[in-house]
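Peer 1: Provided below for reference: sequence and predicted model.
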Amino acid sequence: MNKDSSAPPFRSVSSRVQSALDRALFLLSIYVIPVLIGLVSLTALFAWQDRYQTSPLQALEFRAMREGGSEVTPSDALQALAGRPVLRYFDTNLSQQPVWFTLSTPAGPQPTYAVEFPSKHAVEIACWDGPTAQPLGRANGRDYQGSVAPLKSGYSLILETPGRPIVCRGKFVGPARLTAALWTPEDMRISEQGFLRDAGLLEGGMLALAVFTIFAAIINRSLTYVIFAAWLIVAFRSAAISAGWDAHWLGQTIPQDWVLPLRSLTRGAYAVLTVTLFTSLFQEELKKSAYRFSRNLLTWLSLGIVIAAVVLPRQLFLPTLWALGGCHLVWRLALDHIPIGSVRDHCRRFRLQAHA
């Protein structure tokens, strides 16, 4: 009797202790730990030293011109560039004609300087010493020789004799903007390490989130989670194209012949997955929406982007992508200024007149 009578109070106390512990852990997980993470992160961003914080010594000015139909030597290019205006940047405007440019680095206390050409649309760069026309180096994709080498999303040139003019020839695919920045070799190395580290952090975080979403899809038995996981990865790759990180994947260097086709295919996949995810999330609302035609138009446009990504070269795919996106933009602007009810009334009146 004594044992039976003492059991319920003990279980009651134990249950209250467990309930209090669960509530404390819940509050700790919901409020305390997230707030601490946020405070420490803000402190790290604004108060702690960034080991990768570097900047170029200066932006370099240069003279540039497009190569004509005839063959041009470095000496010929240097003479032709002498009368060109000095520029801070040069836009190719989607032209794939090679670009010749010349610049000089200031003679200073550094025995060696580095010049960065940070255009993600550059596919090949070769440089020569101006007065002697001796080759300094050449890089094509990830293959390089001499003092020219791939760097981040573009290329770099190491100069061991600062103060001398150099002449270079570059090839670009896409809406390229040519610029040049002067670095010390050590700062440029730190900048490249920070570039690769940032890309790796974002890539790893996005993949971890995508894997978690796949597990959620298995647990909830919902294909929407699978679409969302694929959309996350493709969205990251689209952002990587804009940031110039898309030449790498999982720490591996993508072959140069794959980079341009993958950029187009990534844009096509992003369009398809965005429409599919939106449709899957709001399928019930879309059935009742007055904008079903707009959604159907988006579906066909996304299919057109995928087909264009497969069959068109990069220089033709980009204008096609902009044109297809512009079609939907024009349609949306028209809908914003024309009431849906008015459109329906006009269509109904037209059908009645046609059957009269």
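Peer 2: Perfect, thanks for sending it. Residues are numbered from 1 along each chain as shown.

Peer 1: can you give me the strands in the stretch 151-300 of the chain?
Peer 2: 154-159, 165-172, 177-178, 181-183, 248-249, 252-253 (DSSP state E, counting those that start in this stretch).

Peer 1: state which helix of this protein is the longest.
Peer 2: Identified as the longest helix of the chain according to DSSP state H is helix 185-220.

Peer 1: give the buried residues for that one.
Peer 2: Counting neighbours by 16 or more other C-beta atoms under 10 Å, one finds that the buried residues in helix 185-220 are M188, I190, S191, E192, G194, F195, A199, E203, M206, A210, T213, A217. For every residue, glycine as well, the C-beta is placed using N, CA and C.

Peer 1: go on, stretch 127-143?
Peer 2: Within stretch 127-143, the residues scored as buried using 16+ other C-beta under 10 Å are C127, W128, D129, G130, L136, G137, R138, A139, N140, G141.

Peer 1: neighbouring contacts of it?
Peer 2: Applying C-beta atoms under 8 Å, 6 or more residues apart in numbering, the contact partners of stretch 127-143 are 73-75, 78, 102, 104, 123-126, 144-150, 155, 157, 159, 161, 164-169, 247, 253, 255-257, 259.

Peer 1: next one: it to chain centre, how far?
Peer 2: The chain centre lies 29 Å from the centre of stretch 127-143; the measure is C-alpha atoms, centre = their mean, to the nearest Å.

Peer 1: need the distance between the two termini of that stretch.
Peer 2: End-to-end distance of stretch 127-143 (C-alpha to C-alpha, to the nearest Å): 15 Å.

Peer 1: per-residue confidence averaged over that stretch?
Peer 2: Throughout stretch 127-143, pLDDT has a mean value of 90.

Peer 1: ditto for stretch 77-94
Peer 2: The average of the pLDDT scores along stretch 77-94 is 91.

Peer 1: for the nearest residue to L157 once chain neighbours are set aside, list each beta-bridge partner.
Peer 2: What sits nearest to L157 in space, not counting adjacent residues and going by C-beta to C-beta, 6 or more residues apart in numbering, is V115, at 4.5 Å. Beta-bridge pairing for V115 (DSSP bridges): L157, L182.

Peer 1: got it, and the one 10 residues further on?
Peer 2: Beta-bridge pairing of I125 under DSSP bridges involves A139, G170.

Peer 1: correct me, but it touches P118?
Peer 2: No - taking contacts as C-beta atoms under 8 Å, I125 lies outside contact range of P118: 11.6 Å.

Peer 1: show me which of the two is the more surrounded one.
Peer 2: Higher neighbour count among I125 and P118: I125, with 27 against 20, using other C-beta atoms under 10 Å.

Peer 1: which ones are touching the more buried one?
Peer 2: Contacts for I125 (C-beta under 8 Å, 6+ apart) come out as F117, R138, A139, V148, Y155, L157, C168, R169, G170, K171.

Peer 1: swap in P261?
Peer 2: Neighbour list for P261: A309, R314 [criterion: C-beta under 8 Å, 6+ apart].

Peer 1: so it versus G251, what's the distance?
Peer 2: For P261, the distance to G251 equals 21 Å [C-beta to C-beta, to the nearest Å].

Peer 1: what about the helices in the stretch 51-200 of the chain?
Peer 2: 74-81, 185-220 (DSSP state H, counting those that start in this stretch).

Peer 1: got JSON lines for those, with distance to W322 too?
Peer 2: Below are those laid out as JSON lines (distance: least, C-beta to C-beta, whole Å):
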{"stretch": "helix 74-81", "distance to W322": "32"}
{"stretch": "helix 185-220", "distance to W322": "26"}
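
Peer 1: any idea which of the ones you listed gets closest to T266?
Peer 2: The closest of the helices of the stretch 51-200 of the chain to T266 is helix 185-220. By C-beta to C-beta, the value is 13.6 Å.

Peer 1: same for that closest one, what does it pack against?
Peer 2: For helix 185-220, the helices and strands in contact under the criterion 3 or more C-beta pairs under 8 Å, 6 or more residues apart in numbering; DSSP states H and E are strand 113-117, helix 223-243, strand 248-249.

Peer 1: so which of the ones you listed is the most packed in?
Peer 2: Comparing the helices and strands packed on helix 185-220 by mean neighbour count (mean count of other C-beta atoms under 10 Å), strand 113-117 ranks first with a mean of 24.

Peer 1: done for today, thanks.
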